[in-house]
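Chemist: here is my input, please return the structure:
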Amino acid sequence: MSETLTLETARGIVAACFRKAAELKLKPLTVVVLDAAGAIKLMERADGSSLLRPEIAVGKAYGAVAMGLGSRALFKRAQEQPYFIQSMNALAGGSLVPVPGGVLIRKDGVLVGAVGITGDTSDNDEACAIAGIESAGLTADAG
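Modeler: Model prediction:
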């Protein structure tokens with residue numbers, strides 16, 4: 001039986017991401033949770049979040065799910081092998097955003113989805129994603 005990510009769990013993750021952002025006094029964030037197939041489970045935009053943020057959040061999470069690596073690892077790979085990441089982005093229709101903030105969600109070692117966050121620095125986005133995932137008792141894999 002494969003593990004699944006429920007809507008209730010996704011809601012808890014998103015709420016915890018926003019709590020962490022408030023605690024850190026971050027800029028307005030957009031948070032998306034994707035399931036293991038890369039489909040949007042839930043997305044929320046804070047008031048004041050800029051227009052392109054949903055696409056960026058999805059790109060961070062989708063790149064993580066599609067490549068099986070947290071977006072921090074994709075960022076490192078882009079620095080070491082830019083042509084490879086550029087080619088993967090082309091294959092993905094330009095939907096990969098290889099910077100920190102896309103974090104895989106694992107349950108008992110099994111990939112169940114990813115969180116993508118954008119709006120503040122990439123490191124702060126990633127910290128909120130990790131906090132949200134861990135608040136649900138799941139394992140965050142940022143890469």
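Chemist: give me the buried positions along the longest strand along the chain.
Modeler: Ranked by residue count, the top strand of the chain under DSSP state E comes out as strand 110-118. Buried residues in strand 110-118, defined by neighbour count with 16 or more other Cβ atoms under 10 Å: 111-118. Just so you know, the C-beta spots here come from the backbone N, C-alpha and C atoms, and that holds for glycine as well.
Chemist: ok, now stretch 32-47?
Modeler: Applying 16+ other Cβ under 10 Å to stretch 32-47 flags 32-36, 38, 40-46 as buried.
Chemist: got a list of contacts for stretch 66-78?
Modeler: 38, 60-61, 63-64, 84-85, 88, 92, 96-104, 111, 116, 122, 126, 141-143 (Cβ atoms under 8 Å, 6 or more residues apart in numbering).
Chemist: and with 7 Å instead?
Modeler: 38, 60, 63-64, 84-85, 88, 92, 96-104, 126, 141-143 (Cβ atoms under 7 Å, 6 or more residues apart in numbering).
Chemist: just the buried residues of the residues you listed.
Modeler: Applying 16+ other Cβ under 10 Å to the contacts of stretch 66-78 flags 38, 60, 63-64, 85, 88, 96-104, 126, 141-143 as buried.
Chemist: from those, which land in helices?
Modeler: Using DSSP state H, the members of the buried ones among the contacts of stretch 66-78 that fall in helices are 60, 63-64, 85, 88, 126.
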